[in-house]
Each structure stands twice: as C-alpha cells, then as structure tokens.
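**Student:** Provided below for reference: sequence and predicted model.
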Amino acid sequence: GENVEQHPSTLSVQEGDSAVIKCTYSDSASNYFPWYKQELGKRPQLIIDIRSNVGEKKDQRIAVTLNKTAKHFSLHITETQPEDSAVYFCAAGGSGGSNYKLTFGKGTLLTVNP
Amino acid sequence: DTGVSQNPRHKITKRGQNVTFRCDPISEHNRLYWYRQTLGQGPEFLTYFQNEAQLEKSRLLSDRFSAERPKGSFSTLEIQRTEQGDSAMYLCASSLGGTAREQYFGPGTRLTVT
C-alpha cells in the first residue's frame, strides 16, 4: 500500500519568515495530494491540494509543488503569521482501486514566533 | 452549520463495552469516510462508503468494528467489546463524488476506554 513520509516533524520560524514542509510517497499511481491544517482540538481543515497533472499551485501565501518523477511534494508558506501555528498533514490518494482513500503523513508541528 | 457533524464528541467507556458513533456528512456528499487518529499521528483510513455501499475496509478494521450507512446519508461506526487500544479520535469525512476529491472532516469523536 501507499506510504507517506513527512519532514520535519517540528518546525519553528519567526513571524514573516517562510516555512517549507516536505513529503514523499511510495505509490506512483497516487494522483491527488491534499494538505490539511489541524489546530489543537479541532478538525483537520483542507488548505490546498494538487493533482498529478499540475506541478505547482498557489493560493495567496500558500503554495504546493509536486515532483512526480521523484515522488515528492512540498508545502510552502510565505510571510508566516502566528495564526499559521498548527499541525500540518500531507496526504496522498488515488492509488489503484482505492481511488478515494487518503494516506496521511505523521504531521509537522509548525510554530510561528511573534 | 452545514459542515460534517459527529456525535458524541467525547465517549468514555469501560473495556468490554460496545460503543456507537454517528456521522452526518455534508448534505449533497455521496462519499463518506471513517479515519482513526491517535496522538502525534496523522489520520488512518478505516473504511469508505459511496452512497450506502461500503466499498473498502482497512485491515485496521477488525471484526469488532462495523460501519453502516443505511440510506446513503448518515453513517454509524460501532465498536464491540472495546479494548484500551481502541482509545483514539474517530474522524468522519465526506466528499461530493464524481471527480471531486476534496474531503471535509468532522470534529471527531474522542473515545477513551478505561
């Protein structure tokens, strides 16, 4: 089955700096890669996603890049703010007959220091 | 609130008891997923429904677990003879169907088995 590795497990940045979180996946048939933000005690919230026919996608301060050949994808947050502090999860989906289930990474705790 | 809802939000039970959780998806969504999340981990896929049909079950879903979605709307997840290892957050998510891949999560049911 699919395996998703996520790095780093913790990331601390100063407000205004950029943050980058990286994930690798194992199944070349995966074709959908969402990112979720989870604040303490709250539900995972979809913040951005990318499909395998696209190399990069941006939404304001957030961008995701995908390298299908290397089987890795990354989340980039620019001009970080304290409210960006949360756990971020990457996921991969669309492998073979299990077209819709998601396999998640273990998460990255992002802390943005004011 | 038109998002995914789950009840109860918290459940404390004694080992050996049966518990049942309910998930109400976003009204027009025909796909429904159950995931389990333990501390410091990403959500792990348990099972998935398209309308009322249960199309996939993870190996994580032992014989003590059963899920239903009788009319293609809400879903229930039952755990029989609970064990301490069942303690976790049980998350439900839904997606629209067709080519839509975005999954939206509910707030989860936190289960504690004593």
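**Tutor:** Received, thanks.
**Student:** C-alpha from now on. contacts and neighbour counts both.
**Tutor:** Will do.
**Student:** Now do the closest residue to residue A:56 other than its chain neighbours against residue A:23, distance only.
**Tutor:** Spatial nearest neighbour of residue A:56, excluding adjacent residues (Cα to Cα, 6 or more residues apart in numbering or on different chains): residue A:65 at 4.4 Å. Applying Cα to Cα, to the nearest Å, the value for residue A:65 to residue A:23 is 10 Å.
**Student:** Report how many residues lie close to the residue nearest to residue A:56.
**Tutor:** Counted with other Cα atoms under 10 Å in any protein chain shown, the neighbours of residue A:65 add up to 19.
**Student:** Then the one 10 residues further on?
**Tutor:** Residues within reach of residue A:75, counting by other Cα under 10 Å, total 24.
**Student:** That one reaches residue A:66, doesn't it?
**Tutor:** No: applying Cα atoms under 8 Å, one finds residue A:75 not in contact with residue A:66, separated by 9.3 Å.
**Student:** so what sits against both of the two?
**Tutor:** Counting by Cα atoms under 8 Å, 6 or more residues apart in numbering or on different chains, residue A:75 and residue A:66 have no contacts in common.
**Student:** Please state the mean pLDDT value computed over stretch A:63-70.
**Tutor:** In this model, stretch A:63-70 has a mean pLDDT of 96.
**Student:** Sticking with residue 49, tell me its helix or strand.
**Tutor:** Chain wasn't specified; assuming chain A. Per DSSP states H and E, residue A:49 falls inside strand A:45-51.
**Student:** let's do chain B instead
**Tutor:** Per DSSP H and E: residue B:49 is located in strand B:44-50.
**Student:** is the residue nearest to residue A:56 in a bridge, and if so with what?
**Tutor:** Using DSSP bridges, the bridge partners assigned to residue A:65 are residue A:56, residue A:74.
**Student:** in chain A, what secondary structure element scores lowest on mean pLDDT?
**Tutor:** For chain A, using mean pLDDT, DSSP states H and E, the weakest element among its helices and strands is strand A:98-104, scoring a mean of 84.
**Student:** Neighbouring strands - and their directions - for that strand?
**Tutor:** Neighbouring strands of strand A:98-104 in its sheet, by DSSP bridges, are strand A:86-95 (antiparallel).
**Student:** can you list the weak-confidence ranges in the chain?
**Tutor:** No chain specified, so I'll use chain A. A:95-98 (pLDDT under 70).
**Student:** hmm, I had chain B in mind actually
**Tutor:** Residues of chain B meeting the criterion pLDDT under 70: B:1.
**Student:** contacts for the least confident helix or strand of chain A?
**Tutor:** Strand A:98-104 has contacts (Cα under 8 Å, 6+ apart) with A:2-4, A:89-94, B:33, B:42-45, B:48, B:56, B:101.
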